[in-house]
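Colleague: Whatever this is, show me its structure:
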Amino acid sequence: MTSDEAWIIVERAGLMVGFVGLAIAIWQIIKTRGAVETAKTTIEESVSGLRAGSLLLLTQQLGACEAELVQAMRASNGSLFVKLCSQWKSEASQLRGLLSSDETIESDYLRDIQHSIGCAGTVGIHYAETPETESFELQDQAHAVLLAVDKVTGEFGFIAQRALERSVGNV
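Modeller: Sure thing, here's the model as predicted:
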């Protein structure tokens, strides 16, 4: 065997090792891609479950806040009503944020949520501008807030149903 023949054998062996290495690399890439897809699906399912849980929790909190708003209005407790309006604004804003990316939610409902947030904010501004010595006309101000809040909470059954459907659909 001459040195040229030996180099030919070494070259061929090197090419075979290179092809085997390339095949292993391609196999690892395919395997990794499958793992990435599985991880992506798992993350999407987790996010959907968290979102559904957040929606259910927010609807419960907002329902309780509505009941407390009614009680504060009946008791003519302006400072409590304003505090609850602030709570409504915060929680309703979170609800609107969660629902804004859901294509199944009508834009009218999102506008209703925003309207309720605006009404609640207006009461806070009016109350802050009213000196404590003056009577705060809670009944008049509260009526607009409660109408807007009631319009939002009236759709909670639908929201809870959608959240559960999405959560169960991803299990």
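Colleague: Do a quick rundown of the helices in the protein.
Modeller: 3-74, 78-99, 107-129, 138-153, 156-169 (DSSP state H).
Colleague: JSON lines please, covering those helices and showing mean pLDDT.
Modeller: Output for those, formatted as JSON lines (pLDDT from 0 to 100):
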{"stretch": "helix 3-74", "mean pLDDT": "86"}
{"stretch": "helix 78-99", "mean pLDDT": "91"}
{"stretch": "helix 107-129", "mean pLDDT": "86"}
{"stretch": "helix 138-153", "mean pLDDT": "85"}
{"stretch": "helix 156-169", "mean pLDDT": "70"}
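Colleague: Using a markdown table, lay out those helices together with mean neighbour count.
Modeller: For glycine as for every other residue, the C-beta is placed from the backbone atoms N, C-alpha and C. Shown next, in a markdown table, are the helices of the chain (neighbours: other CB atoms under 10 Å):
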| stretch | mean neighbour count |
| --- | --- |
| helix 3-74 | 13 |
| helix 78-99 | 19 |
| helix 107-129 | 16 |
| helix 138-153 | 18 |
| helix 156-169 | 15 |
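Colleague: separation between the residue most central in space within the chain and L50?
Modeller: The centroid of the chain falls nearest to L98 when counting by CA atoms, centre = their mean (3.1 Å). Look at L98 and L50: by CB to CB, to the nearest Å, they are 10 Å apart.
Colleague: cool, and K89?
Modeller: 23 Å.
Colleague: now swap in A13 and tell me
Modeller: Taking CB to CB, one finds A13 at 55 Å from L50.
Colleague: same thing with G14?
Modeller: To L50, G14 is 53 Å away according to CB to CB.
Colleague: swap in L57?
Modeller: Separation of L57 from L50 (CB to CB): 10 Å.
Colleague: do V82 as well
Modeller: 32 Å.
Colleague: now do E91
Modeller: The separation that E91 has from L50, given CB to CB, amounts to 17 Å.
Colleague: just T104 next, same as before
Modeller: Distance from T104 to L50, by CB to CB: 18 Å.
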